[in-house]
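**Q** Mind looking at a prediction? Sequence and model below.
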Amino acid sequence: MIQSFFTILISIIGISTSIFSFFYERKNLISILLLIFFSFFSLLYWQLSILILLALLFYNKLELTTFITINMFTAVLLSWFFLNLFLINSPFYLLIGLLSLLVLCALAIFGIFERKLKKYLLISNAIQILFVVTDLSIVKLFGEFGPLITIQIFNYTFAGLAFFLTIGIFGRGKNYVYELEGSYFANRWNDIFATIACLSLAGLPAFNMFVSEWLLFTKSFLITPVITILGVFAALLLFIMYYKVVYFLLIGKSRQKHIPKEITILNGVLAAVCIVLGFLPQLQLEILSRVII
C-alpha cells in the first residue's frame with residue numbers, strides 16, 4: 001500500500017511538471033520521463049533513491065523548469081529513502097529529530113537572507129525534506145505508524161508543486177528573489193496561487209501544511225517539549241522566510257504576462273487542494289490512515 005501511495009505522488013508530480021514543461025520548456029519532457037522511470041525503479045530498490053541528489057550537483061547550470069522538476073522528484077524520493085531507512089532500529093532517533101530541527105532552523109535563517117532565486121528554492125525544498133525526517137523520528141519514538149509517517153510529503157506534493165510552478169512562471173529569466181516584483185500585475189490569478197502556496201508552506205492555519213506541523217507538535221510534545229519548542233521556532237522562521245516571497249509578489253508593477261489557461265487551471269487546482277485539506281484536516285487524516293507500511 002505504501003508503494004502505491006508513493007506511486008500516486010510520483011504520478012501527480014510527473015503529470016503536473018509535464019503540463020508545465022509542454023508550454024514552457026518541451027525539452028524538459030525527456031528529463032521528466034527519465035525521472036519517472038528512475039522513481040518507479042527506486043520504489044523497488046529504495047537504496048537507489050539517494051542518487052537523485054546527483055542531479056542537483058550542478059543546479060546552477062539547469063534551466064529553471066528542469067531545476068523545479070528535479071526538486072519535486074527529489075522531495076518524494078528522499079522521503080521514500082528515509083522512510084525505509086527509519087525501519088531500521090536505532091537508539092538515536094531522538095537525537096536525529098533534534099538535529100533535523102536545528103538544521104532546519106539554520107536553513108530557514110539562511111533562506112530569510114538568501115537573495116538568489118535558485119538557492120532560495122533549494123533551501124525551501126531541503127527544509128520540507130527535513131520536516132519529513134523529523135516526523136519519522138517522532139514516529140519511531142512512539143513505536144507506532146500512523147498519518148504522521150506520510151502527512152508531510154503528502155501535503156508538500158500539492159503545496160510544493162503550487163509554489164514551484166508559479167515561481168517557475170514569474171521567475172523565468174530571473175536570478176534574484178527581488179526580481180519577482182510586479183508579479184501581481186503580470187498575472188493576478190497565478191500570483192494569488194503563488195501566495196496561497198507560500199502561506200501554506202509557512203504553516204499558517206487554514207492551509208494543508210499547518211495540519212502536518214500541528215500533528216508533529218502535538219505528538220512530539222508527548223515525548224519532549226524541546227522538539228515542540230524548536231518546531232514552533234522553526235515555524236516562525238519559515239513564516240518570515242516565505243513572507244519575503246509574498247512581499248515581492250505583491251509589490252511593484254510590470255507588464256501583463258500571458259500564461260496558458262491550462263497552467264492557470266493546474267495551479268488553481270493545486271492551490272484549492274491546499275485550502276480544502278487545510279479546512280478539512282480529517283479528510284487528509286482519513287486518507288493517510290489507509291496508507292499501511
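**A** Received the coordinates, thanks.
**Q** separation between residue 63 and residue 4?
**A** Distance, residue 63 to residue 4, by Cβ to Cβ, to the nearest Å: 32 Å. Yep, even glycine has a C-beta here, placed from its N, CA and C like the rest.
**Q** Those two: which has the busier surroundings?
**A** For residue 63 versus residue 4, the count of surrounding residues by other Cβ atoms under 10 Å is larger for residue 63: 16 against 11.
**Q** In this model residue 24 seems to touch the more buried one, though I could be wrong.
**A** No - using Cβ atoms under 8 Å, residue 63 is not in contact with residue 24; the gap is 9.2 Å.
**Q** Please report how far residue 235 lies from residue 212.
**A** 11 Å.
**Q** Between those two, which contacts overlap?
**A** residue 203 (Cβ atoms under 8 Å, 6 or more residues apart in numbering).
**Q** Those two: which is more packed in?
**A** residue 212 (29 against 20).
**Q** Make sure I have this right: that one is in a helix.
**A** Yes - assigned with DSSP: H, G, I helix; E, B strand; the rest coil, residue 212 falls within a helix.
**Q** Next secondary structure after the lowest-mean-pLDDT helix or strand in the chain?
**A** Between all helices and strands in the chain, the lowest mean by mean pLDDT, DSSP states H and E belongs to helix 183-186, at a mean of 84. Once the chain leaves helix 183-186, the next helix or strand it forms, by DSSP states H and E, is helix 188-201.
**Q** Just to check, residue 196 is in contact with residue 206?
**A** No - Residue 196 is beyond contact range of residue 206, at 10.1 Å (criterion: Cβ under 8 Å).
**Q** Common neighbours of the two, please.
**A** Joint contacts of residue 196 and residue 206 (Cβ under 8 Å, 6+ apart) are residue 275.
**Q** These two - which one has more neighbours?
**A** Each of residue 196 and residue 206 has its neighbours counted (other Cβ under 10 Å); residue 196 has more, 25 against 12.
**Q** Distance check, the more buried one against residue 158.
**A** In terms of Cβ to Cβ, residue 196 sits 10 Å off from residue 158.
**Q** go on, residue 14?
**A** Distance, residue 14 to residue 158, using Cβ to Cβ: 14 Å.
**Q** which one of those two has more residues nearby?
**A** For residue 14 versus residue 158, neighbours defined as other Cβ under 10 Å are more numerous around residue 158 (24 against 19).
**Q** name the element the more buried one belongs to?
**A** helix 151-170.
**Q** Point out the other helices and strands that that helix packs with.
**A** helix 2-24, helix 64-85, helix 117-142, helix 188-201, helix 208-221, helix 261-279, helix 281-289 (3 or more Cβ pairs under 8 Å, 6 or more residues apart in numbering; DSSP states H and E).
**Q** so what's in contact with residue 196 and residue 158 at the same time?
**A** residue 274.
**Q** With just CA atoms, put the least confident helix or strand of the chain into CSV.
**A** Output of helix 183-186 as CSV, limited to C-alpha atoms (Å, rounded to 0.1, in the frame of the first residue of the first chain):
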residue,chain,number,x,y,z
SER,A,183,4.0,39.5,-10.4
TYR,A,184,0.6,40.6,-9.2
PHE,A,185,0.2,42.9,-12.2
ALA,A,186,1.8,40.4,-14.5
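**Q** tell me how far that helix is from the chain's mean position?
**A** Relative to its chain's centre, helix 183-186 lies at 24 Å (Cα atoms, centre = their mean, to the nearest Å).
**Q** swap in stretch 94-101?
**A** Distance of stretch 94-101 from the chain centroid (Cα atoms, centre = their mean) equals 20 Å.
**Q** what does that stretch rub up against?
**A** Stretch 94-101 is contacted from outside by 90, 130-131, 133-134, 137-138, 141, 220, 223-224, 226-227, 230-231, 234, using Cβ under 8 Å, 6+ apart.
**Q** Would you mind writing the ChimeraX command to select the buried ones in these?
**A** A single ChimeraX command suffices to select whichever of these are buried according to 16 or more other Cβ atoms under 10 Å:
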select :130,131,133,134,137,138,141,220,223,227,230,231,234
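**Q** could you point out where this structure is predicted with low confidence?
**A** 144-145, 292-293 (pLDDT under 70).
**Q** For residue 230, give me its contacts.
**A** 98, 101, 102, 105.
**Q** same thing but 7 Å
**A** 101, 102, 105 (Cβ atoms under 7 Å, 6 or more residues apart in numbering).
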